[in-house]
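Asks: Could you work out the structure for the sequence below:
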Amino acid sequence: MRTSIIMIIIIIDALFWRLRIIPSNLEFINPPSSFLPPPQQFLDRIKKAYDRNPSLANLLVDPEFADEINSRQPAWRRVVALCVASGIACPSFSASLGYLDQYRRARLPANLTQAQRDFFGAHTYECISKPGAHHTEWAQG
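Replies: Purely as a prediction, here's the structure:
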C-alpha cells in the first residue's frame, strides 16, 4: 500500500513537471516532451511489470523501472538540491528520493533510534554482531 501511495505521488509530481506547473524560479528547466509517456502507456508498463513477475514486491526492483529510475536519478537529485538551495518546497520529489535511498540500502541508520527507545523505556535493540534482542542498563548521567 505504501509503495502505491509513493508511486502515485511520483506520478502526480511528474505530471506537474510535464505540464510545466513548476515554480517561477525553475522556469529555465525545460523538460523534454518525452519526459513522461502518456498515462495509459505508463499504466501499461506497470501492468507488464506485474505480468513478468506476479510476486513483484516493488516496481523499483523491476528491471525496466530500475533502469529508468537509475538513468534519471542524477537529474532528480539536481532538481531536489536546487529546490532546497533556493528555498523552494518540493515535498513529493524529496520524500520520494529519500524513499528510494532507503529502499536500496541493506542497512539503515536506525540504531540510534533503537538505542534511544531502549534508554527511555527498555524496548531492546538488535546488534549486527550478536543476533537477538538486547537491553542495556544505561548509566544515569
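
Asks: Pull out the C-alpha coordinates of stretch 60-68 and format them as CSV.
Replies: What follows is stretch 60-68, C-alpha atoms only, in CSV (Å, rounded to 0.1, in the frame of the first residue of the first chain):
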residue,chain,number,x,y,z
LEU,A,60,11.7,-0.4,-8.1
VAL,A,61,13.0,-3.9,-8.5
ASP,A,62,11.6,-4.5,-11.9
PRO,A,63,14.5,-4.3,-14.4
GLU,A,64,12.7,-1.9,-16.7
PHE,A,65,11.7,0.5,-14.0
ALA,A,66,15.0,0.2,-12.2
ASP,A,67,16.9,1.1,-15.3
GLU,A,68,14.7,4.2,-15.9
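
Asks: So what touches that stretch?
Replies: Applying C-beta atoms under 8 Å, 6 or more residues apart in numbering, the contact partners of stretch 60-68 are 45, 48-49, 52-53, 56, 59, 69, 100, 103-104. Every C-beta, even on glycine, is put in place using the N, C-alpha and C of the backbone.

Asks: how near is residue 44 to residue 51?
Replies: 10 Å (C-beta to C-beta, to the nearest Å).

Asks: So for those two, which sits in the more crowded spot?
Replies: Ranked by neighbour count (other C-beta atoms under 10 Å), residue 44 and residue 51 place residue 44 first, with 12 against 9.

Asks: Perfect, that will be all.
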